[in-house]
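Student: need a structure here:
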Amino acid sequence: MIAGYIAAVFIGISLGLIGGGGSILTIPVLVYLFGLSPLQATGHSLFIVGATSLAGAFANFKRGNVHTVTAVYFSLSSTITVFLARRFLLPAIPTDIITIGNFVVTKSLFTMLLLAIVMMFAAVKMVSAKSEEDVTHRLESNILMIVISGIGVGLLTGLLGAGGGFLIIPILIFQFRLPMKQAIGTSLLIITINSLFGFLGDLFNEKINWELLLSVSALSIIGVYIGSRLGEKVQGEKLKRGFGWFVMVMGVYIVIRTLM
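Tutor: Next up, the predicted model:
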């Protein structure tokens, strides 16, 4: 339990440093350290990440590191998708999805494995991505691509309880051509909107442990301010690559732990 509360601070530090990664830490912490089921963890994760990201977005907004127009366009499509996915799509997935011999792919198993696959994919993108200076030649995204990107991230957020920061950051850098620091602040605002609206869908479906939720959120908010301060002193490119490798390790760990 103590380890879980310590980890809650690091969830916030992660969000403050790179504008993402909170969900991929929160779900394993809630499942493995606090004993929640994967499905419970996804809903609780949305609130924790949303509340923490709100604090981080406010801190970045005061520094001028939030591109509000971009966040609004992106969030319009992703927020609606998150709510619909949590309210209707997730409850519609059967408890036992498929049986292969004696092996049953359950809803919980599918959720954790899908999260791990998305994490490893995002890790490869972050590690191999070009630096900000190499992005300036790319064309700006049109409205259709913004909507498609928002729907994709919203669907993953709704299904996995993941705020999507580890996917949003590359999109903001390569499609919207935002510098790393501004991408972090903008990502936090998008995550806030997506996660908290997604959590509203869970109020109809899941029993909420409010004591756990509020205590973990409070510690994570402390962490986001620590991470935000640290991020001012560390080069964004180094943070992105280092975290990419960390995400990869976490993804592999979840696969091993889930299948064992």
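
Student: Run a quick neighbour tally on residue 202.
Tutor: For residue 202, the tally of surrounding residues (other Cβ atoms under 10 Å) stands at 23. Yep, even glycine has a C-beta here, placed from its N, CA and C like the rest.

Student: Same check on residue 200?
Tutor: Using other Cβ under 10 Å, residue 200 has 14 neighbouring residues.

Student: Quickly find the element holding it.
Tutor: For residue 200, the element it lies in under DSSP states H and E is helix 180-202.

Student: Any buried residues in that helix, and which?
Tutor: Neighbour-count burial for helix 180-202, counted by 16 or more other Cβ atoms under 10 Å, picks out 180-199, 201-202.

Student: Next: stretch 246-258.
Tutor: For stretch 246-258, a neighbour-count test (16+ other Cβ under 10 Å) marks 246, 247, 248, 250, 251, 254, 255, 258 as buried.

Student: Filter those down to just the ones in helices.
Tutor: Secondary structure from DSSP state H places 246, 247, 248, 250, 251, 254, 255, 258 of the buried residues of stretch 246-258 in helices.

Student: what about the residue nearest to residue 147 when sequence neighbours are not counted, neighbour count?
Tutor: Nearest residue to residue 147 in three dimensions, chain neighbours excluded: residue 77, at 4.5 Å (Cβ to Cβ, 6 or more residues apart in numbering). If you count neighbours by other Cβ under 10 Å, residue 77 ends up with 19.

Student: again with residue 34
Tutor: When neighbours are counted by other Cβ under 10 Å, residue 34 registers 19.

Student: residues contacting the residue lying closest to it once chain neighbours are set aside?
Tutor: Spatial nearest neighbour of residue 34, excluding adjacent residues (Cβ to Cβ, 6+ apart): residue 4 at 5.0 Å. If you count contacts by Cβ atoms under 8 Å, 6 or more residues apart in numbering, residue 4 has them with 29, 30, 33, 34, 216.
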